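> Build me a model:
(one chain, ligands or ions: 1)
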Amino acid sequence: MEKDADGFYTPKSEPSVPPPQLDDNDEIKPQQSGPSADPELISSTFEVTVTLADQQADPNSPLFSAKTFEELGLHQDLLKGLYDLGFSKPSKIQERALPLLLANPPQNMIGQSQSGTGKTAAFVLSMLSRVDFTKNTTQALCLAPSRELARQIMSVVVAMGKFTPVQTEYAIKDNLPKGTTRVTAHIVVGTPGTMTDLLRRKVIDPSDVKVFVLDEADNMLDQDGLGDQTLRVKNLLPKTQPQIVLFSATFPDNVRNFAAKFAPNANKIELQREELSVDGIRQFYMDCKNAEHKYDILVSLYQLLTIGQSIIFCQHRHTADRISQRMTAEGHKVASLHGAKDATERDAIIDNFREGREKVLITTNVIARGIDILQVNMVVNYDLPLMNERGNHGGNDSKPDVETYIHRIGRTGRFGRKGISINFVHNKETWKQMEEIEKILGKHIIRIETNDLDEMEEKMKKALK
Ligand SMILES: Nc1ncnc2c1ncn2[C@@H]1O[C@H](COP(=O)(O)OP(=O)(O)OP(=O)(O)O)[C@@H](O)[C@H]1O
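Numbers count the residues shown, from 1 in each chain. This next block holds a predicted model:
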């Protein structure tokens, strides 16, 4: 199965490739032909070809694995789903996490791996593996911090579960038909507020839940963010606690301890600080004269932003709206997305962007995490992400929010692809914030002149090679 025009994996009535061949031992082999049979080649807009196979064979790459999917103990129907998606070899996190996730008796998991390295498949396969399809009850719950991410995860559940009878349902705002009194789907994916509501109203019966997954777990457990609501969901689950699975690219110290209490006795897969950001993402900065100059620079970048697709991150909704209105009025085609828009509008905006109908998306931290759109080759931090005064994400304090920075730039450079990030700095304070990010990540952020568009284009093209 390939991603459809919306960038989602949706089952087609006719498979795009012939079904996997069963050999004498009933073993499933990866596809040898068909459109999704050559996942090794990734082409970028600059006509550069990256060989995924090289990275998956390099022991230093997060995409490396010494094993095959068959060796990881997955059911044949799930192997078929994987090959149908064009996955031929596991990534490091998949190789390491899956055997631990599937072992019996089930054990909790705290798993960390860089952005775009395949964490979703690891937890989706583990949910699909634990479901007993002969029972029409809810057996796995998955929470994500945004409706956009919940919808994306669901598309992976449906794609990987294509050869199983899995039933799924959303727990996101304005999605269940009015008057629904009972959800019996095997797997429910949603956001914490709506999930709590459906559990409280007994629309979802949690008594058979065997797996509880938190994607972007550090964000979901952050007491200043979604932590309370996530805890509420956990408290509504059966006393015989289900297997708790936490995944993220980042686990800052202040959440790590809480995560260990939330998922006791968990198997842990952790990264070192210097491993946090992906090498394929080249990080740049531009020295703007003042806040207004940032806008001029963004406009002058427009041509480059639309070569592939780009995401522009602002700290506030009103900035995202203001910039997009101004650029639109000046004849540029851009879209804006943030949490103040209603559900239908949000779905339409992200779907248009996935489809490539919009090339530039101006947004807030709402889609900083998890969103997987392979054509995004540029991320701009119009405003650097900042902590709030209590030292948590999403504020206005002077400290940079390094975790959010890692997630934002991770919207590009997915699964071995190349990508570019550009930070706009415009005064001493933002300069210092960027310096701190540089220090913490141990990565050099390269300067690009704001007045030399040709140099800029050259540097960027080179970075994408
Ligand atoms: N084994 C594999 N072979 C080929 N492609 C893969 C494999 N595993 C995952 N992918 C693809 O890699 C991309 C990134 O995967 P995914 O979205 O799961 O990353 P992630 O680790 O969850 O990132 P983030 O931290 O940003 O949420 C997806 O497009 C996915 O389809």
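
> Point out the residues in the stretch 51-200 of the chain that sit beside the ligand.
Contact residues, the stretch 51-200 of the chain versus the ligand (Cβ under 6 Å from any ligand atom): 87, 89-91, 94, 113, 115-121. Glycine gets a C-beta too; all of them are placed from N, C-alpha and C.

> just checking, which of those belong to strands?
With DSSP state E as the criterion, strands contain none of these.

> which two from these end up farthest apart in space?
The distance between the two most remote of those (Cβ to Cβ) is 19.3 Å, for Lys89 and Ser115.

> Can I take it that Val189 is in a strand?
Yes: using DSSP: H, G, I helix; E, B strand; the rest coil, the secondary structure at Val189 is a strand.

> Give me the pLDDT value at it.
In the predicted model, Val189 carries a pLDDT score of 98.

> which residues sit in contact with it?
Contacts for Val189 (Cβ atoms under 8 Å, 6 or more residues apart in numbering) come out as Leu141, Cys142, Leu143, Ala144, Ala150, Ile153, Met154, Val157, Thr168, Glu169, Tyr170, Ala171.

> how about the fourth one, what does it touch?
The one in question is Ala144. Remark: with contacts taken as Cβ under 8 Å, 6+ apart, Ala144 is in contact with Ala150, Ile153, Val189, Gly190, Thr191, Asp215, Glu216, Met220, Gly370.

> ok so, going back, may I ask which of the contacts of Val189 has the most neighbours?
Leu143 (29 neighbours; other Cβ atoms under 10 Å).

> who's in contact with it?
With contacts defined as Cβ under 8 Å, 6+ apart, the neighbours of Leu143 are 150, 189-192, 195, 212-215, 220, 230, 233.

> so it bridges to which residues?
Following DSSP bridges, Leu143 is listed with bridge partners Gly190, Leu214.

> What separation is there between Asn265 and the ligand?
Using Cβ to the nearest ligand atom, to the nearest Å, one gets 24 Å for the distance from Asn265 to the ligand.

> ugh, wrong one, Phe163
Counting by Cβ to the nearest ligand atom - Phe163 and the ligand are separated by 17 Å.

> you'd agree that residue is up against Asp77?
Yes: between Phe163 and Asp77 there is a contact under Cβ atoms under 8 Å: 4.2 Å.

> More neighbours: which of the two?
Summary of the neighbour comparison: Phe163 and Asp77, criterion other Cβ under 10 Å, with Phe163 having more neighbours (21 against 18).

> Can you tell me which helices and strands the helix or strand containing Ala320 packs against?
Using DSSP states H and E, Ala320 sits in helix 317-329. Using 3 or more Cβ pairs under 8 Å, 6 or more residues apart in numbering; DSSP states H and E as the contact criterion, the secondary-structure elements in contact with helix 317-329 are helix 291-300, strand 335-337, strand 360-363.

> would you list those in JSON lines and tack on distance to Arg322, mean neighbour count and mean pLDDT?
As requested, the helices and strands packed on helix 317-329 are arranged in JSON lines below (distance: least, Cβ to Cβ, whole Å; neighbours: other Cβ atoms under 10 Å; pLDDT from 0 to 100):
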{"stretch": "helix 291-300", "distance to Arg322": "9", "mean neighbour count": "16", "mean pLDDT": "95"}
{"stretch": "strand 335-337", "distance to Arg322": "9", "mean neighbour count": "23", "mean pLDDT": "97"}
{"stretch": "strand 360-363", "distance to Arg322": "9", "mean neighbour count": "26", "mean pLDDT": "98"}
